[in-house]
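Peer 1: Got a predicted structure plus its sequence, pasted below:
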Amino acid sequence: MKEVVLSHPLITHKLAILRDKKTGTKEFREIITEIAVLLCYEATKDAKLKKVTIETPLEKYSTYKLNEDDYAFVPILRAGMSMVDGIITVIPNAKIGHIGLYRNEETLEPVEYYYKMPLNIKKRTVMILDPMLATGGSALATIKKLKHDGVKKIKFLCVIAAPVGIKAIQETYPDVEIYCANVDRKLNEIGYILPGLGDAGDRVYGTK
Ligand code: PRP
Ligand code: URA
C-alpha cells in the first residue's frame, strides 16, 4: 500500500505554523494534537464496527460501535507522546504502550531505553505514533519489536515523513501502513528533515 498523505488546505495551514521557528511550545503542542486527531481519523477508516442496539429518547435504534479495546497506540518517546492527547480525545479507551528510543547523533541508529506494552498486544491493531519519520531507523526498530511480540496489524502515524524513511518501511515491512500529514523533500547531512520543523522532541518539550 502506498503511504496515505493528508492532503487538505487546513493541514497545509497548520503545518506552516508548526514549521515556523517562531512558533512557541504551546502552539506547537496544540497543532501536533490537532494533526494527530486527523491522522487517527484517516487511519481508522477501515475499522470494524460491532452491531449494537441503543435507545434514542424516541425509539430503539440498531447501529454500530467501535470496539475501542481493539486498538493500542504506541508513542515513540519522547516526541511521540505529543500525539497521544489527540488520539485519546477520539478513542479514549485505547490502550497505550510506550517505547523509548533516541537517535545516536553520530550514527543516527536508534538506542532503546524503554519498552512496555499493554496486555494481549498481539490481538490489537497497533498504531505507532511519532511526529517525525526521518531515516526510518526508529520506526523499523519499533515495528521489529512489535512483530516479535506477535502483532499482526501495524500502522505508522507521523506528521512529517522523509522519502527515505517511507522507503525503508515499505521495503522492510510492506504490510505496515503509513499515514502522514506531509512528505517532505529530503534529509540533510545530519539526518534532519528538510524543510521539516527541526527537532520535534526539543520543540514539544522546550529543551533547546
Ligand atoms: C526523533 C523523532 C523520531 C526519530 C526519527 O526522535 O521523534 O523518533 O528522531 O528519526 P529516524 O527516522 O532517523 O529514526 P529523537 O531521536 O530526536 O528522540 P527524542 O524524541 O527523544 O527527542
Ligand atoms: N527527528 C526530528 O525530530 N527531526 C528531524 O528532522 C529528524 C528526526
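Peer 2: That came through, no problem. Ligands and ions are numbered 1, 2, ... in the order given.
Peer 1: wait, what's in contact with the residue of the chain found nearest ligand 1?
Peer 2: With Cβ to the nearest ligand atom, the shortest gap between the chain and ligand 1 falls at residue 201, namely 2.4 Å. C-betas here are computed from N, CA, C, even on glycine. Residue 201 sits next to 78, 79, 207 when contact means Cβ atoms under 8 Å, 6 or more residues apart in numbering.
Peer 1: Check whether residue 202 sits in a helix, strand or coil.
Peer 2: Three-state assignment for residue 202 (DSSP: H, G, I helix; E, B strand; the rest coil): helix.
Peer 1: list the contacts for it?
Peer 2: residue 208.
Peer 1: Now do the same contact list for residue 133.
Peer 2: Going by Cβ under 8 Å, 6+ apart, residue 133 touches 139, 156, 158, 160, 161, 162, 165, 166, 169, 178, 180.
Peer 1: Please apply the same query to residue 158.
Peer 2: 39, 129, 130, 131, 132, 133, 178, 179, 180, 181.
Peer 1: Which among those count as buried?
Peer 2: The neighbour count (16 or more other Cβ atoms under 10 Å) marks 39, 129, 130, 131, 132, 133, 178, 179, 180, 181 as buried among the contacts of residue 158.
Peer 1: Same list, these, but only the ones touching ligand 2.
Peer 2: Restricting those to those adjacent to ligand 2 (criterion: Cβ under 6 Å from any ligand atom) gives residue 132.
Peer 1: Wait, residue 87 touches residue 43, no?
Peer 2: No: Residue 87 is beyond contact range of residue 43, at 9.8 Å (criterion: Cβ atoms under 8 Å).
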